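> The sequence and its predicted three-dimensional model are supplied below.
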Amino acid sequence: MTGLASAASLFLLAVGLSLIFGALGIVNFAHGSFFALGAYFLFALTRGDAAGFWHYLPVAVAASLVVGAVVERVFMRRVLNRAEHYQILLTYALLLIIEDVSKICFGADYKSIGMPKGFEMPVFVLGIPFPSYYLGLVGLAAAAALLLWLFLHRTRYGTLVRAVAQDREMLEALGVNVPLLFTVIFALGIGLAGFGGAVSLPLQSISTGVAVDAVISAFIVVVVGGLGSIWGTLLGAILIGEIQAFGALVLPEFSIAFTYVLMAAVLLFRPWGLLGRPPAVRT
Amino acid sequence: MRTKLAVAAVVLAVFPWFLHDYGLQVAIQALVLGVFAMSFNLLFRNTGLLSFGHAACFGAAGYTTALLVSKLRWSFAATLPLALVAAALVALVIGFFSVRLTKIYFTMLTLAFSQMLWAVAHKWYGFTGGDNGITGLLPPGLLGNPKGLYYASLVALVLVSGIIYIVRRSPAGYTLRAVRDNPARAEAIGISAFEYMVAAFVLSGTLSGLAGFLHVAWQHSAFPDLLYWTTSAEVIIAVILGGSAEFFGPAIGAVVLVVLEAVVRSHTQYWPLALGMVLLAMVLFFPSGVISLFQRRQREEVPRAAA
Amino acid sequence: MPLLEVRRVSKSFEGFQALSDVSLAVEEGSLYALMGPNGAGKTTLFNVITGRYTLDAGRVLFANQDISHTPTHRIIHYGIGVSFQRAIPFPSMTVLENVALAVLALDRKTRNFAHPLLSYADAAERAEEIISWVGLDDLKRQLTAALPQGDLKRVDIAIALASKPRLLLLDEPLAGLSRAERAQMVGFIRELLRSLGTTLLFTEHDTEAVLQLAGRIMVLHRGSVLAEGTPNEIRSHPQVQEAFLGREA
């Protein structure tokens, strides 16, 4: 149960990273920061009172979307065609800046929030009490995954998002506004991270330093599942969530190490991830 | 070039006598990061491989020294050979598995390996002290004296620079750049890239271990942070800040980074914010590093041997 | 006995049949050309010979040795050199360093991490010879990054020659060259065979140049052999005329 709930949170965190990498080819080191930012937004809006959770959740997500769009327009666009170490450096710079700015705006102390309305009572699974919000979080993540899938595979714009990852020149030749598409994708990825951060707030308190750890977890999930694949990200999130939960029971000292071992093993044997697509053969 | 180097050597040699204690500490930190950055760039510049795992080599050497001194009561300086061996072994394992992968996959795999080591150091309280680290390591003699440590670090920097200079001009150095420039062409003239890349990774990692050793001597302690990915990020920042295409770019980047940090921290607690701003400005406005600010023309690598 | 023999080779990529049942034999001391439109399988065949691609079926023999499964970096030691279609040698090095490195690579002397590249006097000397042979004496201290395409092709061929190949594979040696450069390159290719005795297998789009130069020609179409023979046979081959010559003329 705990594993599934953290998997849900990991999925929301990682899927945007995967989406952005798939389409823009950028590895976003600031992704964890946007996750944290989503949580901070929600906390600030509700002033830490769980009563406003559902009310302000859409506002926090909208704010994340806007931040994502602005960041893409102002910064990302300028490094799209540059060497990858510039992209990494730029997103790392954003990580540092967001970290300190949120410290200034929201303070450095731990922030948490009570269980949202409708999920105050625990549920019993095999006689053991669990917060019922675990189920809520899993439901939210599943809904997000489904909506994202429908968007990517059942709408025209979603088809463009998938196509831009394959062949950008082709889309440009077809007259598609690729820069706008990139903005939309980046904003969507950041919005998902913000959503993930916000809905995870009742279960994990947030403070400075979370972003640095979160982005590494997101990398692991995405690498394990396959860069650019939604279902891969979902599988990766479930694997990592469960490994961490069970590892914590069996060998608490090394549960983190397990996840890195899994990541390294996947990279060694299937560098494109469990459900990713192997790179096209050079012709 | 020769005169410039000679002037720099003289300035660096007499420098400590004009510094107060705090300044000397900053200078040592800059030199240590300089050694690390030069070592990192040996791999990055010659192979194009962006490692996010150099913290593993840096930290492995640091922890080896710290553990030998604290558990087995070795004398500080005597741990250096084993510290370098530890760094080399870690580099061999990471390099052996990682250099087969390209681009971002290489970066991610090196990251995964170094995070594995970090996770162990961070949680294994019984052996490494976990996140309490290993403290109270006071190196005796030369390394314990700030001026002595300064000169030791300076010697290390000169040594590492000399090795890099020699490697760059050697057939193996050219081979590495050939693979970086045009892997298909390199294969067609009979070069198998793998062993050269592993060798470069091991050399780069071992020299990074020298920096790790010096770092522990300077800090009198070892913490899991040595192995954390942000340490790898810091060295990358120093290299790019100074300019990876310039021979001494990484060392200069290290000095700029460390001095900047010391100055900013004396005024505000928001050093990360300032660093973030500097990085943004750098990526967007002067991508070839600070050295390029002082040069009229953009210089591509011109091997001196041919001139 | 032919120097290079390709026997019934097939290769497909994810269901796309790039080569099907292709055989060819190149005699020592000849100029052999591969023709066909883009996607006909010429470059794929090159990549199969050099070991860049693995074979689905068939064999590749060189001087009677089976090299079907030899990795690319070992091919040169059998005596097969390559010059690429888009000639980008090693841009961070000078012309001399490019060629000297290839000389050392052939002699397996690149493992050294300590001595300067150009202190290998034999290698440097041989590199200089090759560079003057291809007529790039004036440019030998220039970084290749700064050279125009015509010179780059020659640098690339010089690199290939440094490996003393018995057979040289040239992928579209005339592509991207000006009219004057083309004429020069055609003369140069003839000279390769005449004075160095290098056997040549090349691909080319320029039909006229191929008919002039080659001793034998193979025409590939969608991965299969459409025709094979002397220039005269190819010229009069009905299907070839229909498919290519008619359109190009």
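That came through fine. From a predicted model like this one, the values you see are computed outputs, not experimental measurements. Residues are numbered from 1 along each chain as shown, chains lettered A, B, ... in the order given.
> Could you tell me how far the residue of chain C found nearest chain A is located from chain B?
Closest approach of chain C to chain A (CB to the nearest CB) occurs at C:F13, with a separation of 4.9 Å. (Glycine included, C-beta is placed from N, CA and C.) With the distance defined as CB to the nearest CB, to the nearest Å, C:F13 ends up 18 Å from chain B.
> residues near that residue, how many?
14 (other CB atoms under 10 Å in any protein chain shown).
> Look up phi and psi at it.
Backbone geometry at C:F13, expressed as degrees, to the nearest 10, gives phi -120, psi 110.
> okay, it: pLDDT?
With respect to pLDDT, C:F13 scores 81.
> cool, and B:E300?
pLDDT at B:E300 comes out at 43.
> what's the answer for the one 3 residues further on, then?
Per-residue pLDDT puts B:P303 at 37.
> same question, B:V256
Reading off the model, B:V256 has pLDDT 91.
> which residues does the residue of chain C closest to chain A bridge with?
Taking DSSP bridges as the rule, C:F13 bridges to C:F16.
> these two touch, right, C:G36 and C:H221?
Yes: when contacts are counted by CB atoms under 8 Å, C:G36 is listed as touching C:H221 (5.7 Å).
> Comparing the two, which residue is more hemmed in?
C:G36 (24 against 18).
> What are the neighbouring residues in contact with the more buried one?
Listed by CB atoms under 8 Å, 6 or more residues apart in numbering or on different chains, the contact set of C:G36 reads C:42, C:219-221, C:226, C:244.
> separation between the closest residue in space to it that isn't next to it in sequence and C:G39?
In space, C:G36 comes closest to C:L220 once its chain neighbours are excluded; the distance is 3.8 Å by CB to CB, 6 or more residues apart in numbering or on different chains. Using CB to CB, to the nearest Å, one gets 10 Å for the distance from C:L220 to C:G39.
> of these two, who's got more company?
C:L220 (24 against 15).
> and that one, what element?
Of the helices and strands defined by DSSP states H and E, C:L220 is found in strand C:216-221.
> on contacts alone, who are the packing partners of that strand?
Other helices and strands packing on strand C:216-221, by 3 or more CB pairs under 8 Å, 6 or more residues apart in numbering or on different chains; DSSP states H and E, are strand C:16-26, strand C:31-35, strand C:224-229, helix C:231-236.
> tell me which residues of the longest one are tucked away?
By neighbour count, and taking 16 or more other CB atoms under 10 Å in any protein chain shown as the criterion, the buried residues in strand C:16-26 are C:18-20, C:22, C:24-26.
> what's that strand in contact with?
Counting by CB under 8 Å, 6+ apart, A:283, C:2-12, C:32, C:41, C:44-45, C:48, C:57-58, C:167, C:199, C:201, C:216, C:218, C:220, C:222-225, C:228 sit against strand C:16-26.
> and that strand, how far from the chain's centre?
When distances are taken as CA atoms, centre = their mean, to the nearest Å, strand C:16-26 is centred 17 Å away from the chain's centroid.
> any idea of the angle it forms with strand C:31-35?
160 degrees (axes from the mean of the first three to the mean of the last three CA atoms, to 10 degrees).
> Dump strand C:16-26 to PDB, keeping only the CA atoms.
C-alpha atoms of strand C:16-26 as PDB (Å, rounded to 0.1, in the frame of the first residue of the first chain):
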ATOM      1  CA  PHE C  16      12.600  -3.400 -44.600                       C
ATOM      2  CA  GLN C  17      14.600  -5.500 -47.000                       C
ATOM      3  CA  ALA C  18      17.700  -3.300 -47.600                       C
ATOM      4  CA  LEU C  19      19.700  -6.000 -49.500                       C
ATOM      5  CA  SER C  20      18.400  -9.300 -50.800                       C
ATOM      6  CA  ASP C  21      20.600 -12.000 -52.200                       C
ATOM      7  CA  VAL C  22      23.300  -9.700 -53.500                       C
ATOM      8  CA  SER C  23      26.600 -11.300 -54.900                       C
ATOM      9  CA  LEU C  24      29.600  -9.500 -56.300                       C
ATOM     10  CA  ALA C  25      33.200 -10.200 -57.100                       C
ATOM     11  CA  VAL C  26      35.900  -7.500 -57.400                       C
END
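> between that strand and strand C:224-229, how many degrees?
Here strand C:16-26 points in a direction 20 degrees away from that of strand C:224-229 (the same axes, to 10 degrees).
> Quick one: mean pLDDT for strand C:16-26?
For strand C:16-26, mean pLDDT is 87.
> residue boundaries of the helices in the stretch 101-250 of chain B?
Assigned by DSSP state H, counting those that start in this stretch, the helices in the stretch 101-250 of chain B fall at B:103-123, B:125-128, B:141-144, B:146-169, B:171-181, B:183-188, B:193-219, B:229-242, B:249-267.
> for chain C, that is, sorry about that
C:42-49, C:72-78, C:95-106, C:121-133, C:149-162, C:179-191, C:207-213, C:231-236, C:238-240, C:246-248 (DSSP state H).
> Go through those helices and pick out the most buried.
Using mean count of other CB atoms under 10 Å in any protein chain shown, the stretch among those with the largest mean neighbour count is helix C:95-106, at a mean of 27.
> list the helices and strands that one packs on?
Where contact means 3+ CB pairs under 8 Å, 6+ apart, helix C:95-106 is packed against helix B:171-181, helix C:72-78, helix C:121-133, helix C:149-162.
> Save the ones you listed as a markdown table, and put in mean pLDDT too.
Formatted as a markdown table, these follow (pLDDT from 0 to 100):
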| stretch | mean pLDDT |
| --- | --- |
| helix B:171-181 | 91 |
| helix C:72-78 | 87 |
| helix C:121-133 | 88 |
| helix C:149-162 | 87 |
